[in-house]
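Novice: turn this into a model:
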Amino acid sequence: MKYFQYRKTWLLMLTVVTFLVLAACSSDDANSNADGGEEPDKITAWAWDPHFNIAALEIAKEAYSEDINLEIIENAQDDIVQKLNTGLSSGSMKGMPNIVLIEDQRAQSFLQSYPDAFYPIGEYFNTDDFANYKLAPTSLDGKQYGLPFDTGVTGLFFRTDYLQEAGYTMEDLTNITWQEYIEIGKDVKAKTGKDMISLDPNDLGLIRVMIQSAGSWYVEEDGETVNLVDNEPLRKAFENYKAMIEADFVKANSDWSQFIAAFNSGDVATVPSGNWIAPSIEAEESQAGKWAVAPIPRLNMDGAVNASNQGGSSFYVLDIPGKEKAAEFLADTFGSNSDFYQDLVLDVGALGTYSPAADGEAYQAENDYFSGQTVISDFSAWTEEIPSVNYGLHTYAIEDILAAEMQNYLKGKDLDKVLADAQAQAESQLK
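Specialist: Okay, the predicted model is just below:
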């Protein structure tokens, strides 16, 4: 009797173990498919900013010539960076999106750290149709991984009434140097009582604008070698920054809301910034017709131009099932559709870097808020002049060092010492 009880128990245990093994195998198969097997039913995309990037994806979805089940998932930019780093560093592609938006100045850190995680998409669209300065940060080792999206092309937004009161016109602000800008700022402050600019002492965005106009960055062309101590554009940018502070026409701000308030309240005469600031300026309806945009000032040195960049991002495809479908979607919309870009300008105010779109009606339209100026057309033309630089892997890490040294410089520390110390710190930190 006991023999049959033991046999019955043994058979039951064998059945349970077999079931668990089969279940585990089934689970492994499902996970294997998620990592690199079957085509998914839907394509997922990660991006930030519902009023800009998310809205652009929604318009692209409507403009796409094929049916697509596209799920657009909003994440804060910092969250996307964290999720990508966490997921990709684990060696697994589970949970990764098919399409992801990455800021241009962060792109190389992902491409160089996880080259096998991204799908080359250069064969899906004509890279010659895009602004040249966008191609270097979106490619690696001769392969194009990113589809360039928006431009951070800069302009000198200015209050026409304040400048006119001080005796200046658009012509006086066109193709000037930062030294000339500073002299005009002193005059404007003396004659109108208005500050010329609002700056956050801990944000060196304007420094980046200045040095890129001269084709320079915090690293050399290889994207790795720290380039601070012998960087002449950076030296001139620091000198200009300090000259602005000493001219006593800077309204300090400590966050985004204070920055916006500085010009919406009428406290400052100019806003040198990326084109993306235009909607924030236009939000103050009482100032309609009192603004215009001139080319960004340049550094006073050979090779510098009155065009630069501040911000901008591009779309990437992860090397997971659905990659072909994702690449085809991007190519058919952001990569080749001029009509789509007209809708982006009209509905979102998003200015892309797809050059053929510049011939469209939306790009040529006059903007009543900016005194009838064809602002989009001007920005589009300046986009083509932006110098290409290699942002490398460590823009923000180096900038944290420079921001601290900038404060030392403003307090009287010798500039040679400032740049030498920053160079040493960056080289030590980034080994």
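Novice: could you chop this protein up by domain?
Specialist: 43-150+311-359, 154-308+390-429 (automatic domain parsing).
Novice: wait, Gly155 sits on Ala381?
Specialist: No: between Gly155 and Ala381 there is no contact under C-beta atoms under 8 Å: 10.9 Å. Backbone N, C-alpha and C define where each C-beta goes, glycine included.
Novice: now do the SS call for the nearest residue to Ala247 once chain neighbours are set aside.
Specialist: In this structure, Ala247 finds its nearest non-sequential neighbour in Lys186, 5.2 Å apart by C-beta to C-beta, 6 or more residues apart in numbering. Classification of Lys186 using DSSP: H, G, I helix; E, B strand; the rest coil returns helix.
Novice: burial of Lys186, as a residue count?
Specialist: 16 (other C-beta atoms under 10 Å).
Novice: can I assume it is in contact with Val250?
Specialist: No: using C-beta under 8 Å, Lys186 makes no contact with Val250, being 11.6 Å away.
Novice: show me where the protein has strands.
Specialist: 43-47, 70-74, 99-103, 139-140, 143-144, 146-148, 154-159, 197-199, 250-252, 270-274, 291-294, 313-317 (DSSP state E).
Novice: select, out of the ones you listed, the one closest to Gln112.
Specialist: Of all the strands of the chain, it is strand 139-140 that lies closest to Gln112, at 6.5 Å by C-beta to C-beta.
Novice: helices or strands next to the closest one in the packing?
Specialist: helix 104-113 (3 or more C-beta pairs under 8 Å, 6 or more residues apart in numbering; DSSP states H and E).
Novice: would you mark the buried spots in the helix it packs on?
Specialist: Neighbour-count burial for helix 104-113, counted by 16 or more other C-beta atoms under 10 Å, picks out 104-111.
Novice: tell me the one of those residues nearest Leu346?
Specialist: Distances from Leu346 to those, taken by C-beta to C-beta, are shortest for Asp104, at 24.5 Å.
Novice: contacting residues around that closest one?
Specialist: Applying C-beta atoms under 8 Å, 6 or more residues apart in numbering, we find Asp104 in contact with 134, 137-138, 152, 311-314, 391.
Novice: now with 7 Å?
Specialist: For Asp104, the contacting residues are 134, 137-138, 312-314, 391, by C-beta atoms under 7 Å, 6 or more residues apart in numbering.
Novice: in CSV: the strands of the chain, plus distance to Ser336 and mean pLDDT.
Specialist: Supplementary listing: the strands of the chain in CSV, determined by distance: least, C-beta to C-beta, whole Å; pLDDT from 0 to 100:
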stretch, distance to Ser336, mean pLDDT
strand 43-47, 18, 98
strand 70-74, 17, 97
strand 99-103, 16, 97
strand 139-140, 18, 96
strand 143-144, 14, 98
strand 146-148, 10, 98
strand 154-159, 27, 98
strand 197-199, 39, 98
strand 250-252, 44, 97
strand 270-274, 25, 97
strand 291-294, 29, 98
strand 313-317, 13, 98
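Novice: redo these as a markdown table? Include mean neighbour count.
Specialist: Below are the strands of the chain laid out as a markdown table (neighbours: other C-beta atoms under 10 Å):
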| stretch | mean neighbour count |
| --- | --- |
| strand 43-47 | 23 |
| strand 70-74 | 16 |
| strand 99-103 | 23 |
| strand 139-140 | 18 |
| strand 143-144 | 16 |
| strand 146-148 | 27 |
| strand 154-159 | 24 |
| strand 197-199 | 21 |
| strand 250-252 | 17 |
| strand 270-274 | 24 |
| strand 291-294 | 24 |
| strand 313-317 | 27 |
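Novice: can I get those in JSON lines including distance to Asn240?
Specialist: As requested, the strands of the chain are exported to JSON lines (distance: least, C-beta to C-beta, whole Å):
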{"stretch": "strand 43-47", "distance to Asn240": "35"}
{"stretch": "strand 70-74", "distance to Asn240": "38"}
{"stretch": "strand 99-103", "distance to Asn240": "25"}
{"stretch": "strand 139-140", "distance to Asn240": "32"}
{"stretch": "strand 143-144", "distance to Asn240": "35"}
{"stretch": "strand 146-148", "distance to Asn240": "29"}
{"stretch": "strand 154-159", "distance to Asn240": "14"}
{"stretch": "strand 197-199", "distance to Asn240": "11"}
{"stretch": "strand 250-252", "distance to Asn240": "12"}
{"stretch": "strand 270-274", "distance to Asn240": "11"}
{"stretch": "strand 291-294", "distance to Asn240": "17"}
{"stretch": "strand 313-317", "distance to Asn240": "27"}
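Novice: ok, which of these comes nearest Thr127?
Specialist: strand 143-144 (5.6 Å).
Novice: in its sheet, what does that closest one sit against?
Specialist: Strand 143-144 sits in its sheet next to strand 139-140 (antiparallel), going by DSSP bridges.
Novice: what comes into contact with the strand it pairs with?
Specialist: Residues contacting strand 139-140 (C-beta under 7 Å, 6+ apart): 111-112, 115, 145.
Novice: what of stretch 356-365?
Specialist: Contacts of stretch 356-365 (C-beta under 7 Å, 6+ apart): 129, 338, 341-342, 345-346, 374, 376-377, 380.
Novice: inside helices: which ones of those?
Specialist: 338, 341-342, 376-377, 380 (DSSP state H).
Novice: and of those residues, the nearest to Ser213?
Specialist: Ser380 (17.5 Å).
Novice: near that closest one, how many other residues are there?
Specialist: Neighbour tally, Ser380, other C-beta under 10 Å: 26.
Novice: contact partners for it?
Specialist: Applying C-beta under 7 Å, 6+ apart, the residues near Ser380 are 351, 358, 363.
Novice: from Phe130, how far off is the second one?
Specialist: Think Ala358. 12 Å (C-beta to C-beta, to the nearest Å).
Novice: and these two? Which one has more around it.
Specialist: Neighbours were counted for Ala358 and for Phe130 using other C-beta under 10 Å; Phe130 has more, 26 against 21.
Novice: nearest residue to that one in space, please, no chain neighbours.
Specialist: Using C-beta to C-beta, 6+ apart, the closest residue to Phe130 is Pro148 (4.5 Å).
Novice: repeat for Val389
Specialist: Trp217 (4.4 Å).
Novice: ok so, going back, quick one, which of the strands of the chain gets closest to Lys236.
Specialist: Of all the strands of the chain, strand 270-274 comes closest under C-beta to C-beta, at 15.5 Å.
Novice: packing partners for that closest one?
Specialist: Counting contacts by 3 or more C-beta pairs under 7 Å, 6 or more residues apart in numbering; DSSP states H and E, strand 270-274 packs against strand 154-159.
Novice: could you dump the strand it packs on to PDB, C-alpha only?
Specialist: Provided in PDB are the C-alpha atoms of strand 154-159 (Å, rounded to 0.1, in the frame of the first residue of the first chain):
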ATOM      1  CA  THR A 154      19.700  81.400 -32.500                       C
ATOM      2  CA  GLY A 155      18.700  85.000 -33.100                       C
ATOM      3  CA  LEU A 156      18.900  88.300 -31.300                       C
ATOM      4  CA  PHE A 157      15.300  89.100 -30.300                       C
ATOM      5  CA  PHE A 158      15.000  92.800 -29.500                       C
ATOM      6  CA  ARG A 159      12.500  95.400 -28.500                       C
END
